[in-house]
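> Build the 3D model from these lines:
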Amino acid sequence: MLACKTKYLSHLAVAIFATAAFVSCFDHIGFYEYHAIDIDGWERNDFTDFNIPSAASSGYYTEIIGIRVNADYPFRTLDLIVEQNIISTTQAGRNFFKRDTMRLAIYDEDGRIYGTGVNLHQMEIPYKTIRLEKGDSIYMKIRHNMSRRRVKGISDIGLKVYLPPSSAD
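Coordinates of the predicted model:
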């Protein structure tokens, strides 16, 4: 009976250690979220917005924009407008607003779609590395800036914000 309890406890210890190691690989991801786009198409004036909660620690955070696209998308590239407002809760007057444009390649020169997937292809594009202090938060809005008012073939827009392990203060 004692050998059985010892074996059980050793298996339990290994399971706890493996779970802790697995979770620690992801503890620096501060935000990871996708929003679905209307199946009838993405209107030019429809912003997809993200409210990123307060940073758990200070450091240089990496922002990645995610796109999920299908074969209905009619262009080689996708032009985006990204607006970002960083809100400081610790330092008055340190808030700032930034607006950028991005051009993302969706298809290569031979007409092959980039990204991973079969019917729906997902791409993650590095956007910025920004300095956040503990407690800072981000409000971000993304919309397309294509010549057509409504663009089909984009199914989801996402955002990942994480603190690389070497960037923590």
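> Any buried residues in stretch 116-124, and which?
His121, Gln122, Met123 (16 or more other Cβ atoms under 10 Å). For the C-beta atoms, the positions are set from N, CA and C on the backbone; glycine is no exception.
> I meant to write stretch 59-73 there.
Gly59, Tyr61, Thr62, Glu63, Ile64, Ile65, Gly66, Ile67, Arg68, Val69, Tyr73.
> before we move on, the earlier item: and which of the buried residues of stretch 116-124 is nearest to Glu83?
Met123 (20.6 Å; Cβ to Cβ).
> rewinding a little: so which of the buried residues of stretch 59-73 comes closest to Thr129?
So of these, ranked by how close each gets to Thr129 (Cβ to Cβ), first place is Thr62, at 5.3 Å.
> Could I get the full set of helices for this structure?
Here the chain has its helices, by DSSP state H, at 2-24.
> So, low pLDDT: which residues of it?
1-29, 92-93, 167-169 (pLDDT under 70).
> try 90 this time
Along the chain, the model assigns pLDDT under 90 to residues 1-30, 39, 88-96, 111, 118-119, 164-169.
> Render the CA-only coordinates of stretch 111-122 in CSV, please.
In CSV, the C-alpha atoms belonging to stretch 111-122 read as follows (Å, rounded to 0.1, in the frame of the first residue of the first chain):
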residue,chain,number,x,y,z
GLY,A,111,-1.3,33.9,-56.4
ARG,A,112,-0.6,31.6,-53.4
ILE,A,113,-2.1,32.9,-50.2
TYR,A,114,0.2,33.5,-47.2
GLY,A,115,-0.4,32.2,-43.8
THR,A,116,-1.3,28.8,-42.3
GLY,A,117,-4.5,26.9,-42.9
VAL,A,118,-6.5,25.2,-45.6
ASN,A,119,-9.8,27.1,-46.2
LEU,A,120,-9.0,29.9,-43.7
HIS,A,121,-5.5,31.2,-43.6
GLN,A,122,-4.1,32.9,-40.5
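> Perfect, that will be all.
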